[in-house]
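1. Quick one, what's the 3D model for this:
(one chain, ligands or ions: 1)
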Amino acid sequence: MRSSRPTGSLVALVAAVALALGVGVAPASAHPPHPGQGDKVPVATGTGGAVTTVDADATRVGLDVLRRGGNAVDAAVAAAATLGVTEPFSSGIGGGGFFVYYEAATGQVHTIDGRETAPMAMQSNAFVENGVPIPFADAVTSGLSVGVPGTPRTWATALDQWGSIDLRTALRGATDVARRGFVVDQTFVDQTTANVARFSAFRSSSDLFLRRGAPPAVGSVFRNRDLADTYDLLARKGVDALYTGRLAQEIVRTVQDPPVGRRSTLVVRPGLLELGDLASYQSPLRAPTLVSYRGLDVYGMAPPSSGGSTVGEALNILEASDLGDPTQTLHHYLEASALAFADRNRYVGDPAFVDVPLEQLLSDGFAAERACLINPTAALTKPVAPGVPDGDYASCATAAAGTEGTDGQSTTHLTTADRWGNVVAYTLTIESLGGNGIVVPGRGFLLNNELTDFNFTDTQGGNDPNLPGPGKRPRSSMSPTIILADGAPFLALGSPGGSTIITTVLQVLVNRVDLGMDLPAAVAAPRATQRNTVAVQAEPGFDRAPLQALGHTFVDNPEIGAVTAIEFLDGGALLAVAEPVRRGGGSAAVVHDS
Ligand code: GLY
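-> Next comes the predicted model:
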């Protein structure tokens with residue numbers, strides 16, 4: 001979580017004041033909080049490597065790794081582990097994610113699928129009771145929605161494949177932050193506040209995150225010694241300790257028999273996870289998606305994420321269109337998003353279970369057919385129907401029906417680059433803000449509720465690619481993206497935000513590439529998201545009037561996404577960018593400032 005780091009003496013002063021007020025300050029410790037690095041900076045330019053995350057501590061830890069000679073992969077794992085401490089409601093070892101890596105030595109882009117996986121006992125009707133889907137909120141806070149965590153295996157895979165340090169070294173900075181503590185900021189308080197009711201239901205969660213039933217105070221020091229010990233365990237024994245050891249047993253016990261307090265009235269359904277599910281978990285390398293957009297090579301995450309296919313299809317539709325002036329560009333951005341979402345919902349799921357027509361979804365022919373549907377003078381009636389990516393694209397088809405995308409508030413994205421030219425775009429999550437709300441007792445981390453990313457019932461007339469299944473991975477929207485120009489890195493980016501991740505990445509690309517904004521402006525610009533829904537969700541600052549004149553309707557969304565990105569400038573300089581305002585602002589840094 002974002003902690004603007006006061007100086008050591010200011011930390012002491014704040015802590016003393018808060019202690020005097022009797023609120024939310026950890027007791028005196030032999031481990032004082034880490035000395036601060038100053039306020040977060042959303043834009044940094046320089047050389048030697050870069051790290052950008054939503055959080056100052058995570059960025060600092062990642063940058064330390066680069067300064068000590070580590071590479072972009074090492075820095076990404078170190079920063080991600082730190083986000084598990086300081087952003088515990090958005091990420092952590094109880095969750096999963098997708099890791100995209102550009103390897104300078106070979107010019108290749110690799111990806112790791114660290115998606116959570118359904119237990120083998122999970123059937124397609126797992127979220128249906130007495131013929132009706134269970135209330136979504138019940139599934140959110142349950143054992144039933146917990147998938148096998150993918151994040152620890154992702155870290156081990158990334159370091160084994162491309163890292164230059166071992167897991168023990170990569171976890172050192174994060175463990176230090178967990179043990180010594182970080183200074184709580186308003187965002188941490190807000191996100192805890194949003195979870196008070198749920199955390200109160202579980203002793204393990206309230207013990208860790210609440211102080212006499214309330215969030216910790218802004219400015220207090222938050223320590224998580226249990227998580228420091230858990231990281232120490234992984235450092236000593238490797239991530240197998242989580243998948244097969246005593247910790248695996250504790251995770252299974254927590255899922256199968258959630259530790260609900262006696263006085264809680266919450267209905268908390270047990271889950272289906274078993275030791276065998278954890279023991280057999282893999283984080284496979286997958287071929288990235290690739291589309292060409294205005295001469296750039298755009299690499300993304302393949303299924304089970306829908307990020308690469310949906311961003312890629314929308315870019316292809318835009319390239320097949322005449323974008324015209326800025327209003328027409330945004331009109332086409334919204335329409336291309338809606339069309340690509342219709343196809344995502346119909347066709348994209350776990351490729352181990354579903355025959356995803358990825359090549360056709362990303363083909364220029366399909367994009368041209370879909371682009372034909374866009375009317376420059378009038379918005380399409382939403383939802384639009386999915387197209388037919390069958391290779392036969394002689395003429396424009398007509399639309400009939402469609403479905404609505406889902407949304408989410410959690411997740412986090414980080415971007416790193418090193419002095420050798422390697423680049424990482426890594427998005428990780430525990431799904432809802434606060435995951436399933438349940439801390440594994442004594443272990444210091446929340447479990448995911450990623451299986452709520454499955455559709456609970458068929459949304460596609462008997463063809464839903466995203467129903468639950470044994471060992472299946474729920475469809476994701478995470479869109480870590482790396483873009484090359486003439487074979488060299490041009491831009492790397494990603495965002496949290498549930499299915500709005502896709503449109504956020506797309507809009508930043510349109511802003512940067514088509515509307516000619518520089519990267520900080522492209523990230524800061526007000527956002528709108530059209531995911532094949534009747535109304536477009538838009539931030540307050542988004543200029544709606546010209547698009548309303550074309551028939552788009554809008555509803556408010558106070559904040560969409562939280563991007564981090566790195567642009568590779570001419571002459572070898574790096575432009576690292578985070579949010580100036582959203583989610584309290586992010587933290588960008590380079591090894592050598594220019
Ligand atoms: N949990 C958000 C996503 O995977 O899209």
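2. ok, the residue in the stretch 251-400 of the chain that the ligand sits nearest to to P351 distance?
-> Using CB to the nearest ligand atom, the single residue of the stretch 251-400 of the chain nearest to the ligand is S305, 7.0 Å away. Bear in mind the C-beta positions are built from the backbone N, C-alpha and C, glycine included. Going from S305 to P351 by CB to CB, to the nearest Å gives 10 Å.
3. Looking at those two, which one has more neighbours?
-> S305 (28 against 16; other CB atoms under 10 Å).
4. quick one: contacts for that one?
-> F98, D113, R115, R475, S476, S477, M478, S479 (CB atoms under 8 Å, 6 or more residues apart in numbering).
5. Is Q537 in a helix, a strand, or coil?
-> Q537 carries the three-state label strand when classified by DSSP: H, G, I helix; E, B strand; the rest coil.
6. so where do the helices sit in the stretch 1-150 of the chain?
-> Assigned by DSSP state H, counting those that start in this stretch, the helices in the stretch 1-150 of the chain fall at 8-21, 56-67, 72-86, 136-140.
7. what's the next secondary structure element after the last one?
-> This points to helix 136-140. Counting by DSSP states H and E, the element after helix 136-140 in chain order, helix or strand, is helix 151-162.
8. Dump stretch 573-590 to PDB, keeping only the CA atoms.
-> This file holds the C-alpha atoms of stretch 573-590, laid out as PDB (Å, rounded to 0.1, in the frame of the first residue of the first chain):
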ATOM      1  CA  ALA A 573      16.800   6.700 -21.600                       C
ATOM      2  CA  LEU A 574      13.900   5.300 -19.600                       C
ATOM      3  CA  LEU A 575      10.700   7.100 -18.800                       C
ATOM      4  CA  ALA A 576       9.100   5.400 -15.800                       C
ATOM      5  CA  VAL A 577       5.500   6.500 -15.100                       C
ATOM      6  CA  ALA A 578       2.900   5.800 -12.400                       C
ATOM      7  CA  GLU A 579      -0.400   7.400 -11.600                       C
ATOM      8  CA  PRO A 580      -0.200  11.000 -10.400                       C
ATOM      9  CA  VAL A 581      -3.600  10.700  -8.500                       C
ATOM     10  CA  ARG A 582      -5.500   7.500  -8.900                       C
ATOM     11  CA  ARG A 583      -5.300   5.100  -5.800                       C
ATOM     12  CA  GLY A 584      -3.300   7.700  -4.000                       C
ATOM     13  CA  GLY A 585      -0.700   8.000  -6.800                       C
ATOM     14  CA  GLY A 586       2.100   5.500  -7.700                       C
ATOM     15  CA  SER A 587       5.900   5.500  -7.400                       C
ATOM     16  CA  ALA A 588       8.200   5.500 -10.400                       C
ATOM     17  CA  ALA A 589      12.000   5.500 -10.100                       C
ATOM     18  CA  VAL A 590      15.100   5.000 -12.200                       C
END
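9. For this protein, what lies in contact range of the ligand?
-> For the chain, the residues in contact with the ligand (CB under 6 Å from any ligand atom) are G408, T411, T429, E431, E450, D453, S476, S477, M478, G498.
10. which one among these gets closest to N466?
-> Of all the residues of the chain next to the ligand, N466 sits closest to D453, with 7.7 Å by CB to CB.
11. so what pLDDT did that closest one get?
-> Here the pLDDT value assigned to D453 is 96.
12. Tell me the spacing between it and A137.
-> 15 Å.
13. Which one of these two is surrounded by more residues?
-> Looking at D453 and A137 with other CB under 10 Å, you find the greater number of neighbours at D453, namely 25 against 13.
14. Determine the number of other residues adjacent to the residue nearest to the more buried one when sequence neighbours are not counted.
-> Leaving aside its sequence neighbours, D453 sits nearest to P474 (CB to CB, 6 or more residues apart in numbering; 3.7 Å). Neighbour count for P474, taken as other CB under 10 Å: 25.
15. which residues touch P474?
-> So P474 contacts 115-116, 118, 147, 304, 350, 450-454, 466, 468 (CB under 8 Å, 6+ apart).
16. ok, back up a step: dump the residues of the chain next to the ligand to TSV, plus secondary structure.
-> Putting the residues of the chain next to the ligand into TSV (three-state DSSP) gives the following:
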residue	secondary structure
G408	coil
T411	coil
T429	strand
E431	coil
E450	helix
D453	helix
S476	strand
S477	coil
M478	coil
G498	coil
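17. picking that back up, compare the contacts of P474 and tell me which is most surrounded.
-> G147 leads those on contacts (other CB under 10 Å) with 32 neighbours.
18. so who does the residue lying closest to it once chain neighbours are set aside touch?
-> Spatial nearest neighbour of G147, excluding adjacent residues (CB to CB, 6+ apart): E116 at 2.9 Å. Neighbouring residues of E116 by CB under 8 Å, 6+ apart: G95, G96, V146, G147, V148, P149, G150, N448, E450, L451, R473, P474.
19. Name the nearest of those residues relative to the ligand.
-> Nearest member of the contacts of E116 to the ligand, counting by CB to the nearest ligand atom, is E450, at 5.9 Å.
20. Verify the stated contact: that closest one with I430.
-> Yes. Between E450 and I430 there is a contact under CB atoms under 8 Å: 7.4 Å.
21. Identify the contacts common to the two.
-> G95.
22. lowest-pLDDT helix or strand in this structure?
-> Among the helices and strands of the chain, helix 8-21 carries the lowest confidence by mean pLDDT, DSSP states H and E, at a mean of 32.
23. CA atoms of stretch 356-370 as CSV?
-> Taking C-alpha atoms only, stretch 356-370 is exported to CSV below (Å, rounded to 0.1, in the frame of the first residue of the first chain):
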residue,chain,number,x,y,z
VAL,A,356,-10.2,-20.7,-28.0
PRO,A,357,-10.0,-19.5,-31.7
LEU,A,358,-7.1,-17.2,-30.8
GLU,A,359,-5.5,-17.0,-34.2
GLN,A,360,-8.8,-16.0,-35.8
LEU,A,361,-9.7,-13.6,-33.0
LEU,A,362,-6.4,-11.8,-33.6
SER,A,363,-6.6,-12.0,-37.4
ASP,A,364,-6.8,-8.9,-39.6
GLY,A,365,-9.8,-10.4,-41.5
PHE,A,366,-11.9,-10.8,-38.4
ALA,A,367,-11.0,-7.3,-37.3
ALA,A,368,-12.0,-5.9,-40.6
GLU,A,369,-15.3,-7.6,-40.4
ARG,A,370,-15.9,-6.3,-36.9
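24. so which helix or strand takes in the nearest residue to A118 once chain neighbours are set aside?
-> Leaving aside its chain neighbours, A118 sits nearest to K472 (4.9 Å; criterion: CB to CB, 6+ apart). Following DSSP H and E, one finds K472 outside all helices and strands.
25. Could you do Y231 as well?
-> Counting by DSSP H and E, Y231 is found in helix 225-237.
26. Check whether Q328 really touches I374, as I assumed.
-> No. The pair Q328 / I374 is not scored as a contact, 9.9 Å apart, by CB under 8 Å.
27. what packs against the longest helix along the chain?
-> Counting by DSSP state H, the longest helix found in the chain is helix 326-347. Applying 3 or more CB pairs under 8 Å, 6 or more residues apart in numbering; DSSP states H and E, one finds that helix 326-347 contacts helix 307-319, helix 364-371, helix 500-509, strand 528-529, helix 545-548.
28. let's see 6 Å
-> Secondary-structure packing of helix 326-347 (3 or more CB pairs under 6 Å, 6 or more residues apart in numbering; DSSP states H and E): helix 307-319.
29. Quick one: the helices in the stretch 151-300 of the chain, in order.
-> Under DSSP H, counting those that start in this stretch, the stretch 151-300 of the chain gives helices at 151-162, 167-180, 186-193, 196-200, 203-209, 225-237, 240-243, 246-256, 275-279.
30. Identify each buried residue in the third one, please.
-> It refers to helix 186-193. T187, F188, V189, D190, Q191, T192 (16 or more other CB atoms under 10 Å).
31. do the same with the second one
-> Residues of helix 167-180 classed as buried by neighbour count (16+ other CB under 10 Å): 167, 169-180.
32. Using a markdown table, lay out these together with pLDDT.
-> What follows is the buried residues of helix 167-180, written out as a markdown table (pLDDT from 0 to 100):
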| residue | pLDDT |
| --- | --- |
| L167 | 98 |
| T169 | 98 |
| A170 | 98 |
| L171 | 98 |
| R172 | 98 |
| G173 | 98 |
| A174 | 98 |
| T175 | 98 |
| D176 | 98 |
| V177 | 98 |
| A178 | 98 |
| R179 | 98 |
| R180 | 97 |
